[in-house]
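K.L.:
coords please:
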Amino acid sequence: MPKKQLFLALLVLGTAFWGVSYTVVKAGVGYADPYSFQTYKFAVAAGAVALLFPRQLARLTWHTAGWGLLLALPHFLGSTWQTIGLQTTSAANGAFLSGLSVLLVPLGKALLYRQAVAPKMWVASGLALLGLYVVALQAGWHLHAGDGWMLASAFAFAAYVLLGGRAAHQSQPMAMLVVQLLSCTVLARLSGWGAGQVLAVPAAGAFWLAIGFTALLATAYMYGVQYYAQRYLSEEKVALTHLCEPIFAAIAGALFLHEAITPRILLGGLLIFSAMVLSEVPFPGRKRRSGQPQPPRPAAHHPDSSTLL
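P.N.:
Next comes the predicted model:
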């Protein structure tokens, strides 16, 4: 299998972990404040990656570490705002608002990097967003207090994907991920102290189950795979795969919570799947060989960290 298709499949698997994590996080975060949850999650994820890739960590350079520090900011903001928002919004609103990053990524690429986005990617992004609307908002749109946090998280995650495209060709990517996750751990703890929250130590097994699942599968695995995937996939295609998350969330609900798979879920899933197929269809014009890494971007186009949320 060409590397492009392989990493596309691995990213989709990661979105399955994300989809399941919505239910897990909503159950686990009730036992502690969001900052404690984030502190444990990032620390466990960083430890897992460090144990799996000790040789890369030993060869870490200051330049690569700098990228890890830079990527930590949008990652931390997106994850924290999403965790806070999930406490006061519905899962449907949260899924849809987070999914708006599928349009924010190509928009940011065009405006910030001055790079052309293929017309088919705009069409695919719009089609996928329509599918997300069909799946997530089955009962219509109802405002919730946490919607603003979820919208802010969409901007942060879009910034992360855009920055990740610039960092993808750095050496020792897993060491860079360790720096990123450790930085997020520190940011989570500092934010907790700033909010007057001491580090909680819940006794509930559901809390630690949520930590283990989100740290190892939804964080260490997903972001590790995305580092490598962005060497072969464009930023807008990576954002497009993220919209598979609510489909897997619906499947998980059917399997574990005995929720019904409605015709709207099937239709929305079909629209999202069609969008992904459209993004892979070759159209006349300049082509890149399948599996060939994306060329490194010129340094002049690197975004300044001040443009991030």
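K.L.:
what's the offset of stretch 48-58 from the middle of its chain?
P.N.:
With Cα atoms, centre = their mean, to the nearest Å as the basis, stretch 48-58 stands 22 Å off its chain's centre.
K.L.:
That stretch - what's its average pLDDT?
P.N.:
If you average the pLDDT over stretch 48-58, you get 95.
K.L.:
Grab the CA positions of it and hand them over as CSV.
P.N.:
Extracted C-alpha coordinates of stretch 48-58, given in CSV (Å, rounded to 0.1, in the frame of the first residue of the first chain):
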residue,chain,number,x,y,z
ALA,A,48,4.2,6.7,26.6
VAL,A,49,5.8,8.3,23.5
ALA,A,50,9.2,8.8,25.4
LEU,A,51,9.2,5.1,26.3
LEU,A,52,8.5,4.0,22.8
PHE,A,53,11.0,6.2,21.1
PRO,A,54,14.0,6.7,23.4
ARG,A,55,16.6,6.9,20.6
GLN,A,56,14.8,9.8,18.9
LEU,A,57,14.6,11.6,22.3
ALA,A,58,18.4,11.1,22.8
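K.L.:
K237 versus the closest residue to A158 other than its chain neighbours, what's the distance?
P.N.:
Nearest residue to A158 in three dimensions, chain neighbours excluded: L104, at 3.7 Å (Cβ to Cβ, 6 or more residues apart in numbering). All C-beta spots, glycine's among them, are computed from the backbone N, C-alpha and C. Relative to K237, L104 is positioned 14 Å away (Cβ to Cβ, to the nearest Å).
K.L.:
does the residue nearest to A158 belong to a helix or a strand, and which?
P.N.:
Take DSSP states H and E as the rule and L104 turns out to sit in helix 101-112.
K.L.:
on that earlier part again, L104 and K237: who's more crowded?
P.N.:
K237 (24 against 21; other Cβ atoms under 10 Å).
K.L.:
wait, doesn't that one sit right on M121?
P.N.:
Yes: counting by Cβ atoms under 8 Å, K237 touches M121, with 7.2 Å between them.
K.L.:
Return the residues in contact with the closest residue to A110 other than its chain neighbours.
P.N.:
Nearest residue to A110, sequence neighbours excluded (Cβ to Cβ, 6+ apart): V117, at 5.4 Å. Residues near V117 by Cβ atoms under 8 Å, 6 or more residues apart in numbering: 106, 109-110, 236.
K.L.:
Assign V117 to helix, strand or coil.
P.N.:
At V117, secondary structure determined by DSSP: H, G, I helix; E, B strand; the rest coil is coil.
K.L.:
Looking at it now. What's its pLDDT?
P.N.:
Listed pLDDT for V117 reads 84.
K.L.:
How about M176?
P.N.:
96.
K.L.:
From L233, how far off is it?
P.N.:
From M176 over to L233 (counting by Cβ to Cβ), the distance is 18 Å.
K.L.:
When the two are compared, which one has more neighbours?
P.N.:
Using other Cβ under 10 Å as the criterion, M176 and L233 rank with M176 on top: 28 against 25.
K.L.:
Leaving out sequence neighbours, find the closest residue to L217.
P.N.:
Distances taken as Cβ to Cβ, 6+ apart put F17 closest to L217, at 4.1 Å, once the chain neighbours are dropped.
K.L.:
which residues sit in contact with the one you found?
P.N.:
Neighbours of F17 in contact, by Cβ under 8 Å, 6+ apart: 213, 217-218, 221-222.
K.L.:
Surely S101 and A239 touch.
P.N.:
Yes: counting by Cβ under 8 Å, S101 touches A239, with 5.5 Å between them.
K.L.:
what residues are shared contacts of those two?
P.N.:
Shared contacts of S101 and A239, counting by Cβ under 8 Å, 6+ apart, come down to 158, 161.
K.L.:
Show me which residues of whichever helix or strand L127 is part of are buried.
P.N.:
L127 belongs to helix 119-136 when assigned by DSSP H and E. Neighbour-count burial for helix 119-136 flags 121, 124-125, 127-129, 131-136 (criterion: 16 or more other Cβ atoms under 10 Å).
K.L.:
If you count contacts, what does it end up packed against?
P.N.:
Identification of packing neighbours for helix 119-136 by 3 or more Cβ pairs under 8 Å, 6 or more residues apart in numbering; DSSP states H and E yields helix 91-99, helix 101-112, helix 235-241, helix 245-256, helix 263-280.
K.L.:
what does the last one rub up against?
P.N.:
The contact list for helix 263-280 (Cβ under 8 Å, 6+ apart) reads 120-121, 123-125, 127-128, 130-136, 138, 236-237, 240-241, 243-244, 246-247, 250.
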